[in-house]
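In: Need the 3D shape of this:
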Amino acid sequence: MKAILFDRFGGTEVLHEAEIEVPQPGPGQVRVRVKASGVNGLDGKIRSGMLEAVYPTTFPSVPGGELAGVVDALGEGVQHVQVGDEVLGWADTGSYAEYALATIVAPKPVDLEWQDAAALPVASETAERVLNLLGVTAGETVLMHGASGGVGTLAVQLATARGARVIGTAGPANQDYLTSLGATATVYGEGLVERVRELAPDGVDAVFDLAGKGALEDSITLRGGTERIVTIADFRARQLGITFAQGGAQASPERLAALAQDAAAGKLVTTVTSYPLDQAATAQQVSDAGHVRGKLVLTVA
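Out: The predicted structure follows:
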């Protein structure tokens, strides 16, 4: 099968297409003929070697942690899906490939496009996990740094669905986009504390940092301490006494299925920019640079 892989750490130049063996599903796994694969900031950090201590890499390595596609083989004991089912979920093997293995999958609604389906698993699980960590409830104000990306796009909508108000930061080009999602938009950078205080005179109840670009100090100032601040992107978190949310242990196929239905019905907006599989390096370059609007996805023929 065709796959994108890397044999050493480095920039996007280490990514290349290769022919590798089709993986065989083990107990509890399904094999998926991949139609679309999500691209996440984590992919580039693993490729660079930045996260080797957290996510040890065995070379050659195929990137990608989420997928949408058609089940084409079942491992021992699998009963919840059948060969031919259209699914989305979290990949056990790299999803920048024609085939990948998965344990946790949910049915893909007929009306949901492949690329939109692939945009959901990682972003939705991350967004809900952090909102739960923060304990966001109706009537509260949440500040989200870098809210226009794949996770932020869903986090804004999921927080507002809880009855919270979201103040989202992004670059000038994404202000109207955040507003369309239901957020109160403002630009990041110098003067942020003053801008947020003007928008929320009574203060912010929680902070969700998706940017990882020096926003934690401003967050501490706005919160008057480190309580109810969570980052998924700034590795200085622990030294500042802030929670770094890592994982995916709460991945729920039932919840993913419900969100996929919402997306198919237009109740949950997914904004996707697609690249063919052989342009994975370009997609990761865009991801590494930041300022992405919505989700980057690779389509597999």
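In: For G241, the count of nearby residues, please.
Out: Residues near G241, counting by other CB atoms under 10 Å, number 12. The C-beta positions use only the backbone N, C-alpha and C, and glycine is treated the same way.
In: so who does it touch?
Out: T226 (CB atoms under 8 Å, 6 or more residues apart in numbering).
In: now the one 3 residues further on
Out: Contacts of F244 were listed using CB under 8 Å, 6+ apart, and they are V230, T231, I232, D234, F235, A237, R238.
In: gap between the first one and Q239?
Out: Counting by CB to CB, to the nearest Å, the gap from V230 to Q239 is 15 Å.
In: who's more crowded, these two?
Out: A count of neighbours by other CB under 10 Å puts V230 above the other of V230 and Q239, at 20 against 8.
In: Please name every helix or strand in contact with the helix or strand hosting that one.
Out: Under the criterion of DSSP states H and E, V230 resides in strand 229-231. In terms of contacts (3 or more CB pairs under 8 Å, 6 or more residues apart in numbering; DSSP states H and E), strand 229-231 is packed against helix 121-134, strand 206-209, helix 216-223, strand 243-244.
In: what do you get if the cut-off is 10 Å, keeping everything else the same?
Out: Contacts defined by 3 or more CB pairs under 10 Å, 6 or more residues apart in numbering; DSSP states H and E place strand 229-231 against helix 121-134, strand 206-209, helix 216-223, helix 237-240, strand 243-244.
In: What are the contacting residues of that strand?
Out: 129-131, 133-134, 143, 145, 204, 206-212, 215-216, 219-220, 222-223, 237, 240-245 (CB atoms under 10 Å, 6 or more residues apart in numbering).
In: Swap in 6 Å and give it another go.
Out: 130, 133-134, 207-209, 219, 223, 237, 242-245 (CB atoms under 6 Å, 6 or more residues apart in numbering).
In: Weed out the non-buried ones from those residues.
Out: Neighbour-count burial (16 or more other CB atoms under 10 Å) applied to the contacts of strand 229-231 gives V130, L134, V207, F208, D209, S219, R223, A237, I242, T243, F244, A245.
In: E86: which of those residues is nearest?
Out: For the buried ones among the contacts of strand 229-231, the minimum distance to E86 (CB to CB) is 28.6 Å, reached by V130.
In: isn't that closest one right up against A245?
Out: Yes - using CB atoms under 6 Å, V130 makes contact with A245 at a distance of 5.1 Å.
In: Residues in a beta bridge with E66, which ones?
Out: Beta-bridge partners for E66, by DSSP bridges, are W90.
In: Same check on A3?
Out: Here A3, judged by DSSP bridges, has bridge partners A18, A97.
In: ok so, going back, as JSON lines, the helices and strands packed on strand 229-231 with distance to V156 and mean pLDDT would be great.
Out: Output for the helices and strands packed on strand 229-231, formatted as JSON lines (distance: least, CB to CB, whole Å; pLDDT from 0 to 100):
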{"stretch": "helix 121-134", "distance to V156": "9", "mean pLDDT": "96"}
{"stretch": "strand 206-209", "distance to V156": "10", "mean pLDDT": "98"}
{"stretch": "helix 216-223", "distance to V156": "17", "mean pLDDT": "96"}
{"stretch": "helix 237-240", "distance to V156": "21", "mean pLDDT": "92"}
{"stretch": "strand 243-244", "distance to V156": "20", "mean pLDDT": "92"}
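In: So which residues of the protein form helices?
Out: Secondary structure of the chain by DSSP state H: the helices cover 41-48, 114-118, 121-134, 150-161, 175-181, 192-199, 216-223, 237-240, 253-264, 280-289.
In: center of the protein - which residue?
Out: Closest to where the C-alpha atoms of the chain average out (CA atoms, centre = their mean) is A123, at 3.1 Å.
In: Please tell me I have it right and that one contacts A155.
Out: No - contact criterion CB under 6 Å: A123 and A155 do not qualify, at 8.1 Å.
In: Now do the shared contacts for those two.
Out: Between them, A123 and A155 share no contacting residue, judged by CB under 6 Å, 6+ apart.
In: do you know how far A280 is from A102?
Out: 19 Å.
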